[in-house]
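Asks: Pasted the sequence and its predicted model underneath.
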Amino acid sequence: MKIHGLQKMTLLDYPGHVACTVFLGGCDLRCPFCHNFELIDGTAEPIMDDQELLDFLKKRQGLLDGVAITGGEPCLRPDLIDLIKDIRALGYPVKLDTNGLHPDVLRTLVEERLVDYVAMDVKNAPEHYATTSGVETIDLDKIRESISILMEGPVDYEFRTTVIDQLHTAQDMEGIGALIRGAKRFFLQAFTDRDSVPFSGFSAPSAEKMRLYADIVGKYVQETTIRGVDL
Ligand code: SF4
């Protein structure tokens, strides 16, 4: 399998773990605020293959205690499950980031406990989901199915929304809350700009708005946490 990026150590991507982050290129969304936009159309040059990744992980046994797999959208890769099995065979717990559009893959990973933690994006309220994801239409049934798989499954998870002042409103937070009603854990992440973000002009909401939004979604979920803002 082609690997498009490797951060050799992170304390942020897999909470509670000293992990590395593996980037798999290709995505079926085109979020205008994407931090990894150069990876999403599948044209980025790979930096290694899966065997080289496994060799790296063998050398880091005892130094790292987790592997975060992100994208792009990892669930687009037909050999994702095999890669995860190989990583687990080396003793590493695996965290997966997903956009939620591939419930069939997610179901296998969760029901067979091949992942230890899943972070799923919830881009926006249903009526603004496609626009926020940079596509004309989106199959919200798949998003809802992935949410159910995580909420009903045996694997620890979080839902998360990257909040952008120009794309999200208080009313949207009600819609997001309704989508994930009853969920265990939700993170509101304030947008941070980078050179790799394809559209300029986005900004993070104020701390006051983020607190308001957290209060709104907090009516629907068990635990809401704000990331990326000095409160
Ligand atoms: S789903 Fe993730 S990787 Fe894909 S375009 Fe959106 S932010 Fe980027």
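Replies: Looks like it arrived, so ask away.
Asks: ok, and the closest non-adjacent residue to T161?
Replies: Using C-beta to C-beta, 6 or more residues apart in numbering and skipping the chain neighbours, the partner closest in space to T161 is V122 (5.2 Å). Every residue, glycine included, has its C-beta placed from N, CA and C.
Asks: wait, what's in contact with that neighbour?
Replies: Shown in contact with V122 (C-beta atoms under 8 Å, 6 or more residues apart in numbering): 100, 143, 147, 159-161, 176, 179-180, 186.
Asks: any idea of the pLDDT on it?
Replies: Looking at V122, its pLDDT stands at 98.
Asks: same thing with L231?
Replies: Checking the pLDDT column for L231, the value is 64.
Asks: Ok, G201 next?
Replies: So G201 comes in at 89 (pLDDT).
Asks: who's in contact with the residue nearest to it when sequence neighbours are not counted?
Replies: Nearest residue to G201 in three dimensions, chain neighbours excluded: Q166, at 7.0 Å (C-beta to C-beta, 6+ apart). When contacts are counted by C-beta under 8 Å, 6+ apart, Q166 touches 201-203.
Asks: what's the residue closest to the geometric middle of this structure?
Replies: With distances taken as C-alpha atoms, centre = their mean, D97 lies nearest the centre of the chain, 3.4 Å away.
Asks: Parallel or antiparallel, which strands does whichever strand or helix holds it pair with?
Replies: Of the helices and strands defined by DSSP states H and E, D97 is found in strand 94-98. Strand 94-98 pairs in its sheet with strand 66-70 (parallel), strand 117-121 (parallel), by DSSP bridges.
Asks: Identify the residues contacting the worst-scoring helix or strand of the chain on mean pLDDT?
Replies: Lowest mean confidence among the helices and strands of the chain (mean pLDDT, DSSP states H and E): helix 37-40, at a mean of 87. The contact list for helix 37-40 (C-beta under 8 Å, 6+ apart) reads 4-5, 23, 25-27, 29-30, 34, 44, 71-72, 196-198.
Asks: Give the ranges of residues in this protein that sit below the confidence cut-off.
Replies: 231 (pLDDT under 70).
Asks: And the longest strand along the chain, what's buried?
Replies: Criterion DSSP state E: the longest strand present in the chain is strand 156-163. Of the residues in strand 156-163, 157-163 count as buried by neighbour count, 16 or more other C-beta atoms under 10 Å.
Asks: and the gap between the residue of the chain most remote from its centre and the ligand?
Replies: For the chain, the largest distance from the centre (C-alpha atoms, centre = their mean) belongs to K59, which lies 26.7 Å off. In this view, K59 and the ligand are 28 Å apart by C-beta to the nearest ligand atom, to the nearest Å.
Asks: and the closest residue to L101 other than its chain neighbours, how many neighbours?
Replies: In this structure, L101 finds its nearest non-sequential neighbour in K142, 5.2 Å apart by C-beta to C-beta, 6+ apart. The tally of other residues near K142 (other C-beta atoms under 10 Å) stands at 16.
Asks: for C34, same thing?
Replies: Neighbouring residues of C34 were enumerated by other C-beta under 10 Å; the total is 22.
Asks: who touches it in this structure?
Replies: With contact set as C-beta under 8 Å, 6+ apart, C34 has these partners: 27, 40, 134, 196-198.
Asks: Going by distance to the ligand, which of those wins?
Replies: Distance to the ligand, by C-beta to the nearest ligand atom, is smallest for C27 among these, at 3.3 Å.
Asks: Wait, the closest one touches L76, no?
Replies: Yes. Using C-beta atoms under 8 Å, C27 is in contact with L76, at 7.1 Å.
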